[in-house]
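Novice: Okay, here's the prediction I keep looking at, along with the sequence it came from:
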Amino acid sequence: MGMKLDYKRTFLLGFGFLGVSVLWLLYNTYVPIFLQAGNPEFEVSGATTIGFGLSAVMAGLIMTLDNIAAFFIQPFIGIVSDRTRTRIGRRKPYILVGAPIAAVAFVLIPVAVNQIPPELSGQTSQLGGPLTFFMIAVGVMLLAMAIFRTPIIALMPDITPSPLRSKAHGVINMMGGIGGLLATFGGALLYRIDKLLAFGVGSLILLLAVAVVLVYIKERLPEASAAVEKKEQWWDTLRQAGAIPREARKSLILIQKSGVVTAMVGMLQAIPGTILHDRLTAEGRIAHQATGDNADGTTNIIPRMGIERLQAGYRRLMAEIYSPHRFYERVKTCLELYKPSNAPVHLQFDEIYAFLRSIWKLGIIGEERREYWKLFFWTLFRHPRKLALAITFTIYGFHFRQVNALNGIS
């Protein structure tokens, strides 16, 4: 029986995206107005407002601060949360701390704008105090958002089996879209009444949405998540094995589950002078002289199933085990099981050169570049001492795909 997406749980998780979407849309809509209002070159339709009178260029620079925070902070928080172990999970502590701070700082943005005397609107040089207050509120809000956005995004793949993540993405993106609609239409109505009311309601929605996530979404322990992920990969192998001829399925499953990176698969050849060759000769089942090459996809034996069927299964198996997805999956299995010695690693120039070539050949122009970088960062953060071995294996995989290509297997 196939896996089914837990729509209720995914819908509840989507509230986190809804709350974040509300805050971001209000921020991106009204903060540029606050920054530029009062500048003679700036025009805004609808409700009149006061502001700091900054130029469009300066306002644009300030509006890029969220991207800067995302670039430098979110990847770091993602790595740290991966390694966090608490009673409530590894993502929730960051959500629990970041969301309330972001909500409070968000409300303080219009509070800072309200400190501008109407007669001084747009006179930047005389608004040092309110502008400083405003920038502190914006900075704290962006910092807090960067702290909890990555963990709340990471919850979806944490609790959702990989084959169902596309559907889950659809659900949570729908919730984000609902948040955008609420902010667009509801925010406009509330802003016309009072800008502080619009931002206050936005903060309240964020807190309520995050509360739904914290209360109803149960995190799996990292060890349990890893076990489930391996089980999912295993079932994925079994499902896809159904597309492979029956005779080759057991070989695929054995190779993938055991993590044999450089799997040498060949068809049996009967060598003259052996008991097997003598017996098959007596049965009239020797087609020609053995080539002695176990990688050329040939056999001198006439199989009972028919040579075409045997060769088709062999070629399908070879194409599958050295496809980037299957190969890199085995590399990860091997690295998980391998226990390296504690001897210091000394890299030679030719090894560094090979690594740089692998980046170009595999990580940039290669068809497996996505799998290459996934393995690179997975190893770097989880098994840094095995990184050189991981890169070596990627080069092995490239070699075997070249051999497959020479034999017309793709």
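Specialist: Yep, it's here. This is a predicted model, so every value here is computed, not measured.
Novice: M264 and I321, how far apart?
Specialist: Summarising the geometry, the distance separating M264 from I321, computed by C-beta to C-beta, to the nearest Å, is 10 Å. To be clear about C-beta, it is placed using only N, CA and C from the backbone, and glycine gets the same treatment.
Novice: Who has more neighbours out of those two?
Specialist: Summary of the neighbour comparison: M264 and I321, criterion other C-beta atoms under 10 Å, with I321 having more neighbours (20 against 8).
Novice: you'd agree that one is up against V265?
Specialist: Yes - with contacts defined as C-beta atoms under 8 Å, I321 counts as touching V265 at a distance of 7.0 Å.
Novice: shared neighbours of the two, anything?
Specialist: Both I321 and V265 are contacted by I255, under the criterion C-beta atoms under 8 Å, 6 or more residues apart in numbering.
Novice: Let me see the contact set for I321.
Specialist: Contact partners of I321, counting by C-beta under 8 Å, 6+ apart, are 252, 255-256, 263, 265, 327, 330.
Novice: Report all helices and strands that the lengthiest helix in the chain contacts.
Specialist: Among the elements of type helix in the chain, defined by DSSP state H, the one spanning the most residues is helix 128-159. Based on contacts counted as 3 or more C-beta pairs under 8 Å, 6 or more residues apart in numbering; DSSP states H and E, the elements that helix 128-159 packs against are helix 7-36, helix 65-82, helix 92-113, helix 165-181, helix 195-216.
Novice: Could I get the pLDDT score of the nearest residue to Q123 once chain neighbours are set aside?
Specialist: By the measure of C-beta to C-beta, 6 or more residues apart in numbering, the closest residue to Q123 outside its immediate chain neighbours is G53, 6.3 Å from it. Note for G53: predicted pLDDT of 90.
Novice: buried set for stretch 179-194?
Specialist: Residues of stretch 179-194 classed as buried: 179-180, 182-183, 186-187, 190-191 (neighbour count, 16 or more other C-beta atoms under 10 Å).
Novice: which among those residues gets closest to A37?
Specialist: Lowest distance from A37 to these (C-beta to C-beta) belongs to Y191, with 12.7 Å.
Novice: which residues touch the residue nearest to that closest one when sequence neighbours are not counted?
Specialist: Excluding its sequence neighbours, the residue lying closest to Y191 (C-beta to C-beta, 6+ apart) is A198, at 4.2 Å. By C-beta under 8 Å, 6+ apart, A198 lies in contact with 26, 30, 110, 187, 190-191.
Novice: hmm, try it at 7 Å
Specialist: With C-beta atoms under 7 Å, 6 or more residues apart in numbering as the criterion, the residues that contact A198 are 26, 187, 190-191.
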